[in-house]
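**Student:** need a 3D model of the following:
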Amino acid sequence: MTSLSPPLQAVVALFRGPLAEVRFADIDAAGLTQLAAEVEAAAADVEQQEAKLVELKQSLAQRQESLLVLAQQALAYARIYAENDEALSAELNDIVLPRAAKPRKPATPKAARSEESAKDSADTTAAEAQSATGAAESPARVVQESEGEEEPSEAPSAPVRRKVQRKLARPAARESV
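**Tutor:** Below is the predicted model of the structure:
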């Protein structure tokens with residue numbers, strides 16, 4: 001890989017090839033080639049330093065996190081110690097430390113998350129409708145809006161936009177007590 005842009009590479013290649021024997025004032029193939037090599041070396045140094053900088057930043061973040069956890073413990077102990085000292089307690093209560101960062105789970109792709117949430121919300125809607133109305137009093141049926149077919153209230157294999165229709169149950173004959 002080269003850090004030289006294609007136009008610069010073309011000029012250097014010209015002076016290495018057909019213009020190798022040509023010299024304009026203080027410009028020749030040797031000078032261009034040497035300077036191109038220096039640019040490549042400097043670019044490699046920058047790349048190495050950037051990699052080291054990333055490592056140093058990660059190390060700094062880990063040390064800051066460790067310090068924060070230790071400071072939170074120290075503050076908790078100090079608050080217990082200062083229970084009988086109003087002035088020290090007030091000073092300690094003025095200190096607000098941020099929460100320690102929790103490790104994050106790897107993110108799932110957006111498409112998979114949106115399919116899962118659509119399926120979960122459709123399942124939840126059907127389940128809530130059945131439990132809210134009482135399955136014995138008013139049975140629920142699920143209708144697909146796209147096809148208009150009736151289906152059992154179980155979740156379909158693919159996420160489908162569904163609508164829950166409820167049948168109104170006739171009130172049961174009440175027995176007098």
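**Student:** quick check: domain ranges of this protein?
**Tutor:** Annotated domains of the chain cover 6-93, 110-165 [automatic domain parsing].
**Student:** worst mean pLDDT among these?
**Tutor:** Mean pLDDT per stretch puts domain 110-165 lowest among the domains of the chain, at a mean of 50.
**Student:** mind listing the helices for the chain?
**Tutor:** Along the chain, counting by DSSP state H, helices occupy 6-16, 29-81, 86-93, 110-133.
**Student:** for the third one, which helices and strands make contact with it?
**Tutor:** With contacts taken as 3 or more CB pairs under 8 Å, 6 or more residues apart in numbering; DSSP states H and E, helix 86-93 sits against helix 29-81. No exception for glycine: its C-beta is placed from N, CA and C like everyone else's.
**Student:** tell me the angle the helix it packs on makes with helix 6-16.
**Tutor:** Calculated by axes from the mean of the first three to the mean of the last three CA atoms, to 10 degrees, helix 29-81 forms an angle of 150 degrees with helix 6-16.
**Student:** thought residue 2 was touching residue 9?
**Tutor:** Yes - the criterion here is CB atoms under 8 Å, and residue 2 meets it with residue 9 at 6.6 Å.
**Student:** quick one, which of the helices of the chain is nearest to residue 23?
**Tutor:** helix 29-81 (8.4 Å; CB to CB).
**Student:** on that earlier part again, dump the helices of the chain to CSV, plus mean neighbour count and distance to residue 22.
**Tutor:** Below are these laid out as CSV (neighbours: other CB atoms under 10 Å; distance: least, CB to CB, whole Å):
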stretch, mean neighbour count, distance to residue 22
helix 6-16, 14, 8
helix 29-81, 12, 8
helix 86-93, 12, 78
helix 110-133, 13, 57
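**Student:** mind checking which of those helices is nearest residue 100?
**Tutor:** So among those, helix 29-81 is nearest, using CB to CB, at 5.4 Å.
**Student:** okay, the angle between that closest one and helix 86-93?
**Tutor:** Relative orientation of helix 29-81 versus helix 86-93 (the same axes, to 10 degrees): 140 degrees.
**Student:** so what does helix 29-81 touch, helix or strand wise?
**Tutor:** helix 6-16, helix 86-93.
**Student:** which one of those helices lies closest to residue 53?
**Tutor:** The nearest among these, by CB to CB, is helix 6-16 at 26.2 Å.
**Student:** ok, residue 6 - contacts?
**Tutor:** Remark: with contacts taken as CB atoms under 8 Å, 6 or more residues apart in numbering, residue 6 is in contact with nothing.
**Student:** the closest residue to residue 11 other than its chain neighbours and residue 13, how far apart?
**Tutor:** Leaving aside its chain neighbours, residue 11 sits nearest to residue 32 (7.0 Å; criterion: CB to CB, 6 or more residues apart in numbering). The gap separating residue 32 from residue 13 is 10 Å, by CB to CB, to the nearest Å.
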